[in-house]
Structure formats: structure tokens, C-alpha cells
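1. Build me a model from this:
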Amino acid sequence: MTAFSDDRADLADHLETAPLAYLVVRADDHTVVYANAVARRLFTRPVVGAAVGSLVDGADGPVLDALIAAAPRADDETPATSATVRLLTASGPVSADLAANRGPDATVRIAASVSGEDRVRDRALAEALSARSATAAALTRSRDALVESERARASEHLEGAQIRSLATVLQRSLLPPVLASPPGMETAAYYHHASPDEVGGDFYDVFPLDGQAWGFFLGDVSGKGAGAAAVTSLTRYTLRAAAVFDRNPISVLQNLNAVLLPEFRGDDPRFCTVVYGTVVPSAEGAVVDLAGGGHPPPLHVRADGTARYVDDLLGGQLVGGLPTPHFTSHRLVLSPGDVLLLYSDGVTEARVGGGRYDDGGDFRTYVEDSAPTTATALVDHVTTLVEGFGDGLQDDAALLALGMPHGASSDR
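-> You can find the predicted model right below:
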């Protein structure tokens, strides 16, 4: 038995270069009959022909069996089943989010996204040391994925439900499955996917740099679809790798620009806007260093009930579009009760009453109305606003909030 029938060859080519692990198993005996390039690298040992249960921690075997048993058909409107298990990878057990659906040929297709919680600093350092070769490989996969994805979308054999399923799984792989929080701080995030048929271009992450400092970012890649996914994947990897070696946020953006600039030129240029920062929490507050690359400035929501834009980040230029762009920087302190809110322009540029929502400064006023607040409460507050835009919300929208609760300690 092959993983895909002949008239699904285009879909197989698309999945081979997808930036997440993808397995196809027989529904009757759970034998792996296909593993894409990412899955083969993840496990290194032979996967095809193995029992899929041998790839997960023994304690998670029943979870995997239940996931496969409950998987809906790919052409069903029911969302793919999902579960979290520990994969036995070449570098040791890692947590992964799985999504599964059932194919028309007595197989179950499983997509695996590795959890960001397992990417500790020593692993990030190892990745960064091989950044040159890994980045080149990522670029090759990204180009291949762009070509194959667009060809697959044009094929009459790729049903709308399959397109939506692939877009959802790919989108999930470009965002952290679990949002980490620096010690003593609270984080919250929200993502609105504008189109169920295309991968969006907004992205965010929070990750440890060492025992004290953490990195975080939120940005927006130009365009949508596989092209945006290629840039997003490369951008997230580059930001995390560059942050390991240089704690200056402007230097991190300069490294990202140096990677993006020569790779996405020609008839379809790609670039991104981003706010990148580091945060060092303490019992007295959190010191935040920010750099802006053409992105809307964050809002500093204070414990005294006021909110202000971090205007010093205005004037930064987009990343990946100019040989020597100008980036801006600012340092601030999040005191107990303060929250820093990052957002994409999908929020502020929603169409309302014939114009853009924030043309009159309504967004800052709306945020300030909730102050003082917490990271979670603020994201919930703005989510209500976003979901109320209805058809006026024409772009993806992302939110990321970092808060310093009253009485927090960085020693936990």
C-alpha cells in the first residue's frame, strides 16, 4: 500500500516539504506508511514500517490510540482530532501537539508540531551554531513548499476541506502551541485567522534566553499563503537563533534583515514588520528593551490606569526591504500592575463606518478603559473588540501581552 493514490501525488509533494512532521499510518494496524522530510529528520531512525506507537512515550500510547480512533474523515467539516504526547525523537523526549484526520484509503494522517516548551537554551544554542546550513535548508524547503503548495491549490483533486485542514495545521505550526511566561510574569496571546483557506502572515513568540532574560516578538509578514508561511518560518527561526548570541534588540533585527533581504527579491518580494524585545523580570519589576522594525508601537498600560504608546519605536523601517534599514529602540520598566501590549495592524486598520478603526485614536482609548488590568484580561478585552468588527476585519489580527502582576516574584 502506498501513502497516497496516484491522483493524490500532488498532495504528497506538498506535504513532503511542509514545515512540520507529517505521518500517514494504516488505520487497521497503525503501521507508518509515509513520513515527510521533517518527520524523518525528527526521528532519524527508520520510521516507515514502524508501529506509530513506538514513536511516542509508552504512557502516551492510549492517547495516541484514541486520537487515531476518533479521527474524522478529511472531507468532513468536523475539525481534526488533537492531542498532546511525548515523541521519542533523536534528541530525547519532546512534547508535541498532534492533529489527525482519516483519508479515503484506510489511512490516518497525523501532523505533529513540537512544543516550544522543550526548546531550552542549550538546544537553541546548538541550533544557532549550525545556523548557516540550517537556514539554507529552510530556504530550500520554503521555496519548494511555495511552488508545490500553489500547484496543489490549483489541482482539482485537492478538495476545499483538505485545503482548509492543511492551512489550519500549517498555521498552527507557525505559532507557539503553548505560550511560555517569564518567571513572575503573565503572558497572553490571541490570533484571528482572516481566511480559512490561506495561511496568514502574523506571528509571535515568547522564549527563554538564559536563567534571567527572555525574548519575545510579534510581527506581520507581507502577503498570505505559502509565500507568507515561508517567510514566517524563516523569520521565527532567525530571530530565536540571533537572540542567543546578541542581546541588543537592534542587532537581532539587523541579523534578520541580512537573512531576508537577499532571499525574497524579484517579482514577488517579501518583507516583514516586527517588534522584538528582551525582558528581565525581578521582584521590583521587569526591564524591557525593545526594537522596532516598521511595526505599530506597543501600548504600555500602567497600574495607575493610563496607557501610552511606546512612541520611541516610531520611525523604524520594515525588515527585509532595504540594505541598511533604520531600526528604533526603547527601554522601559514594567512595574507591578503594568502590562505591555503588542498587536498587529489587522486590529487598528479594521474597516468601521467607511474608515479605519484607529484613524481617530480609538484603540488607545479602548485599551485605557480597561486599565488597570492584567495580561489575560487585556487580551480578552481587545479580543471582544476584534470579534465585534465582523466583516470589517479584513486582515489577520494578533495580540501578545506581557504583564507584571502585583506581588509577583521572579524566583518561581
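
2. can you tell me which residue is nearest the centre of the protein?
-> Leu175 (1.9 Å; CA atoms, centre = their mean).

3. Show the contacting residues for the closest residue in space to that one that isn't next to it in sequence.
-> Once flanking residues are discounted, Leu175 sits nearest to Tyr191: 6.2 Å by CB to CB, 6 or more residues apart in numbering. From N, CA and C alone the C-beta is placed, and that goes for glycine too. Counting by CB atoms under 8 Å, 6 or more residues apart in numbering, Tyr191 touches 175, 200, 202, 204, 396-399.

4. returning to that earlier point: any idea how far the residue nearest to the centre of the chain lies from Val24?
-> 24 Å (CB to CB, to the nearest Å).

5. How about Gln394?
-> 36 Å.

6. Between those two, which has more neighbouring residues?
-> Set Gln394 next to Val24 and count neighbours by other CB atoms under 10 Å: Val24 wins out with 25 against 13.

7. List the buried residues of the helix or strand where the residue nearest to Leu175 lies.
-> Following DSSP states H and E, one finds Tyr191 within strand 186-192. By 16 or more other CB atoms under 10 Å, the buried positions in strand 186-192 come out as 186-192.

8. would you turn those into TSV with pLDDT and distance to Val56?
-> TSV is the format used below for the buried residues of strand 186-192 (pLDDT from 0 to 100; distance: CB to CB, whole Å):
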residue	pLDDT	distance to Val56
Glu186	97	32
Thr187	97	28
Ala188	96	30
Ala189	96	27
Tyr190	94	30
Tyr191	90	27
His192	85	32
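
9. Max pairwise distance over those residues: which two?
-> Maximum pairwise distance among these (CB to CB): 21.2 Å, between Glu186 and His192.

10. picking up where we left off before, wait, which of the buried residues of strand 186-192 is closest to Val279?
-> Thr187 (9.9 Å).

11. Next up, the contacts around the closest one.
-> Going by CB under 8 Å, 6+ apart, the list of residues near Thr187 reads 179-181, 206, 375, 400-403.

12. repeat that with 10 Å
-> Applying CB atoms under 10 Å, 6 or more residues apart in numbering, we find Thr187 in contact with 179-181, 204, 206, 214, 216, 279, 375-376, 379, 400-403.

13. can you give me how far stretch 298-306 is from the chain middle?
-> Averaged C-alpha coordinates place stretch 298-306 at 26 Å from its chain's average position (CA atoms, centre = their mean, to the nearest Å).

14. just stretch 369-376 next, same as before
-> 24 Å.

15. What pLDDT does the model give Arg265?
-> pLDDT for Arg265: 65.

16. Check the one 3 residues further on too.
-> For Asp268, the model assigns a pLDDT of 63.

17. Any figure for the gap between the residue nearest to Leu175 and Asp60?
-> 27 Å.

18. now do Val274
-> 36 Å.

19. cool, Ser54 as well?
-> In terms of CB to CB, Ser54 sits 12 Å off from Asp60.

20. same question, Ala112
-> In terms of CB to CB, Ala112 sits 12 Å off from Asp60.

21. hey, what's in contact with both of those two?
-> In contact with both Ala112 and Asp60: 85, 87, 96, 98, using CB under 10 Å, 6+ apart.

22. if we can go back for a sec, of Ser54 and Asp60, who's got more company?
-> Taking neighbours as other CB under 10 Å, Ser54 and Asp60 compare with Asp60 leading, 22 against 14.

23. beta partners for the closest residue to the more buried one other than its chain neighbours?
-> Nearest residue to Asp60 in three dimensions, chain neighbours excluded: Val85, at 3.9 Å (CB to CB, 6+ apart). Note on Val85: beta-bridge partners Ala96, judged by DSSP bridges.

24. wait, doesn't Val85 sit right on Ser113?
-> No: if you go by CB atoms under 10 Å, Val85 and Ser113 don't touch, sitting 11.5 Å apart.

25. before we move on, the earlier item: pick the one among the contacts of Thr187 closest to Thr306.
-> For the contacts of Thr187, the nearest to Thr306 is Gly403 (15.3 Å; CB to CB).

26. so who does the closest one touch?
-> 181, 185-188, 286, 301, 303, 334, 336-341, 373-379.

27. Can you flag the buried ones in those?
-> Among the contacts of Gly403, those buried by neighbour count (16+ other CB under 10 Å) are 181, 185-188, 286, 301, 303, 334, 336-341, 373-375, 377-379.
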